[in-house]
Each structure stands twice: as C-alpha cells, then as structure tokens.
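*Asks:* Next input, structure requested:
(one chain, ligands or ions: 1)
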Amino acid sequence: MKVVVLGAAGMLGSALCKHMAQRHDVIGIARQNGPYVSHHCDLLDPDLNPLLDKIGADVCVNAAALTNLQTCHRQVDKAYKLHISLSALLAQRNERQIYISTDSVFDGFSPPSNGYSETCAPSPLNVYALTKLMGEAPVLNNDGVVLRTNIYGFNLTRPGNSLFEWIADTLAKGKPLIGYQDMIFNPVSIFQLSDAIEIVMMKDLRGRINIGCEEQLSKADFLLKTIAHLRPGYVDVSIVDAPEGEIIRPKSTVLDTRYAKTLGLPTMDIDEGIAQVATLLKGVS
Ligand SMILES: NC(=O)c1ccc[n+]([C@@H]2O[C@H](COP(=O)([O-])OP(=O)(O)OC[C@H]3O[C@@H](n4cnc5c(N)ncnc54)[C@H](OP(=O)(O)O)[C@@H]3O)[C@@H](O)[C@H]2O)c1
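*Replies:* Numbering: from 1, shown residues only. A predicted model of the protein is given here:
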C-alpha cells in the first residue's frame, strides 16, 4: 500500500515509517530531516494539499502534533490549526485517514475499573487534549480511524526529550529520579503502536479504537520497570504524588482495550514493550 506519514521525523512517525517500509511504499512528510522524510513541508502551509495530490497515497497517518502541553497552552492558535484545521483538511481528501489521538481526552476523575472505553464521554482538561479531541471529529465524520493511545519510546532519528531518554540521561548522571504514584495509564511502545497501525490499515478498520497495554500501571511503576532494564539496582528514586503544575493533567487515563481485541488487535505487554525500547536505546547510546 502507498502510505503517507505526517510528522515522519517525530518519535512515533520515525518508528512507524521504519516499520511500514518493510512491506509498504512509505512517503514521509516533515519539517526536519529523517531517513523516511521524502518531502519537507510545514503542515500548516497551503502547499500541503497539492503535495498530497501529487503523492496520491491510499492511506494517510497523521502522527504530527504539538506534544508540548505548555506550547499548546501558550500558542492556542497553533494548536487549533495543527490539531483541528489540518484534520478537517485531511478528512476531505481521498486518502483513508488514521489520526493518532490521546488518552488525555479524559479528565481522570472517576475512571471505570476497566479504563475508559471508546464510548465514554471525554472531558479534556487542557488545550492539548481539547484540540486533539476536536481533531477527531472530522476524521470520524469522514469514515476515518481515530486511535486513542499513550506512547513511550524515543526518536530513532535524533536525540530528543522523551520520558525514556530523560530517565536514561538522569541515570547516566547518577541524579535522583521521581516517580508519580497517582498517575495511572496503560501506554504502548512506539513499536507496538506501529504494529497496531499496520493491522488497522490492513484490516480496513474504521472509527474510534483504543490502543493500550494490558496492565494498568502508575508512572512510578513505569519508571521502576524502565530502571530495571536500564540500570538494575539503582536506588535513588522517590515515589510521590504528582505536584500541581501550570497545566492541569488528568491523573488516570487508562483506556479500555476490549473493543480493540474484538477487532483482532494483539494484546500488548508492558514488560515486552519496555524491554524492546530499553534494548534499542542502550544500543544507540
Ligand atoms: N508522546 C506521547 O506521550 C503521546 C501520547 C499520546 C498521544 N500522542 C500522539 O502521538 C502522535 C505522535 O506523537 P510523538 O510523541 O511522536 O510526537 P513528536 O515526537 O513531538 O512528533 C510530532 C511531530 O509533529 C511535527 N509537527 C508539529 N507541527 C508541525 C508542522 N506545523 N508542520 C510539520 N510538522 C509538524 C513535529 O515536527 P518538528 O520536529 O519539526 O517540530 C514532530 O516531529 C501525536 O499525534 C500525539 O498527539 C503522543
């Protein structure tokens, strides 16, 4: 299949391009360089539409976003344009749309025991979450796919500020680490999500689908599991509740993955995901 990936130099975009390129014709669009970036373009630029016409892909995976919550808060107009206007433009096109959304569309105040299902009412707490949620609507209204998820990994093409790299860097410097025990989620690795995106594409699935790992874990648990792979025995770790910050973030964003399983998506394991990312990160650093 011919697949265009928007945000191809990002953390997910770069892993997805690498994964998809094994079996598909992948065309990456991004502002920055990357091994799968064939076209440099600001996605808010009017040149995007003619470029996509020229490419003529079957599927468009939109993995571009303003993932810095503070930037979204300070540049609402930019977040609006990238998450909502771009999504509306893409939804009018012929390519099948796969929009990567987020688990943070929920407020986390009283999460269901199995996590939020695809039919639970969202209630975003910040500009990032609100604009990502609003970007879902045009995709769903035009028979596309919205994948709600939370991801971890690192950018395969350049050093970045991912959670994983921050943990590795702090461990390397021998500094103290802090894990939040009251923030609960069920994230997947960029590799597990890339696999799921390919399955969604090949099965021609439509609508809103949650992608998460089987286990519900705290950010502190995630930290400890990651440390166990990167630096077993490291003890300079404090487990605390998350402090209130300038940006309000939901505390529990676990996604119910039962619907995804009925669609034939694989079960995803947190330990396998972390092990794979940690092994690769150790290999490149
Ligand atoms: N990371 C997470 O924890 C997480 C959790 C849930 C959902 N998600 C979703 O997963 C998807 C991928 O996230 P990620 O973590 O891979 O983010 P990322 O590494 O920040 O990648 C996003 C990419 O979007 C690009 N982009 C932003 N504005 C652009 C513009 N105007 N023109 C062209 N490119 C632009 C960025 O390019 P530049 O590098 O040039 O700025 C960046 O490479 C996003 O949809 C995000 O909302 C992420």
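
*Asks:* How many residues are close by whichever residue of the chain sits closest to the ligand?
*Replies:* Ranked by CB to the nearest ligand atom, the top residue of the chain for proximity to the ligand is G10, at 2.2 Å. All C-beta spots, glycine's among them, are computed from the backbone N, C-alpha and C. Here the neighbour count serves as a burial measure; for G10 (other CB atoms under 10 Å) it reads 26.

*Asks:* which residue packs closest to it, ignoring adjacent ones?
*Replies:* Spatial nearest neighbour of G10, chain neighbours left out: A63 (6.0 Å); criterion: CB to CB, 6 or more residues apart in numbering.

*Asks:* Strands of the stretch 1-150 of the chain, residue ranges please.
*Replies:* Using DSSP state E, counting those that start in this stretch, the strands assigned to the stretch 1-150 of the chain run over residues 2-6, 25-30, 37-40, 59-62, 96-100, 145-149.

*Asks:* Now do the longest one and strand 2-6, the angle between them.
*Replies:* So the one you mean is strand 25-30. 20 degrees (axes from the mean of the first three to the mean of the last three CA atoms, to 10 degrees).

*Asks:* List the buried residues in strand 25-30.
*Replies:* V26, I27, G28, I29, A30 (16 or more other CB atoms under 10 Å).

*Asks:* among those residues, which are in reach of the ligand?
*Replies:* Among the buried residues of strand 25-30, the residues lying close to the ligand (CB under 6 Å from any ligand atom) are A30.

*Asks:* pLDDT for the buried residues of strand 25-30 - can I get that in CSV?
*Replies:* Output for those, formatted as CSV (pLDDT from 0 to 100):
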residue, pLDDT
V26, 98
I27, 98
G28, 98
I29, 98
A30, 97
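
*Asks:* now, the most widely separated pair of the buried residues of strand 25-30?
*Replies:* When CB to CB is used, the two most widely separated members of the buried residues of strand 25-30 are V26 and A30, lying 12.3 Å apart.

*Asks:* Around the ligand, which positions in the stretch 51-200 of the chain sit nearby?
*Replies:* Listed as neighbours of the ligand in the stretch 51-200 of the chain under the rule CB under 6 Å from any ligand atom: 63-67, 82, 100, 102, 132, 149-151, 155.

*Asks:* Now, of those, which are buried?
*Replies:* 63-67, 82, 100, 102, 132, 149-151, 155.

*Asks:* between those, which is nearest K18?
*Replies:* Lowest distance from K18 to these (CB to CB) belongs to N155, with 11.6 Å.

*Asks:* Quick one: residues contacting the closest residue to that closest one other than its chain neighbours.
*Replies:* Leaving out its chain neighbours, the residue that sits closest to N155 by CB to CB, 6+ apart is M11, at 4.7 Å. When the contact criterion is CB atoms under 8 Å, 6 or more residues apart in numbering, the partners of M11 are I151, G153, F154, N155, G160, S162, I190.

*Asks:* same thing with I151?
*Replies:* Here I151 is in contact with M11, L12, P187, V188, S189, I190, L193 (criterion: CB under 8 Å, 6+ apart).

*Asks:* quick one: it from D42, how far?
*Replies:* According to CB to CB, to the nearest Å, I151 and D42 sit 23 Å apart.

*Asks:* Ok, N114 next?
*Replies:* Here the criterion is CB to CB. By it, N114 lies 40 Å from D42.

*Asks:* In this structure, mark out all the helices, start to finish.
*Replies:* Counting by DSSP state H, the chain has these helices, from start to end: 11-20, 48-55, 69-74, 76-80, 86-91, 127-141, 163-173, 190-202, 219-230, 258-262, 270-284.

*Asks:* What pLDDT is listed against the residue nearest to Q70 when sequence neighbours are not counted?
*Replies:* Excluding its sequence neighbours, the residue lying closest to Q70 (CB to CB, 6+ apart) is I247, at 6.1 Å. At I247, the pLDDT value in this model is 93.

*Asks:* Repeat that for D25.
*Replies:* As predicted, D25 sits at a pLDDT of 98.

*Asks:* Neighbours of G144, how many?
*Replies:* For G144, the tally of surrounding residues (other CB under 10 Å) stands at 24.

*Asks:* tell me the contacts of it?
*Replies:* By CB under 8 Å, 6+ apart, the contact set of G144 is A91, R96, Q97, I98, Y99, R206.
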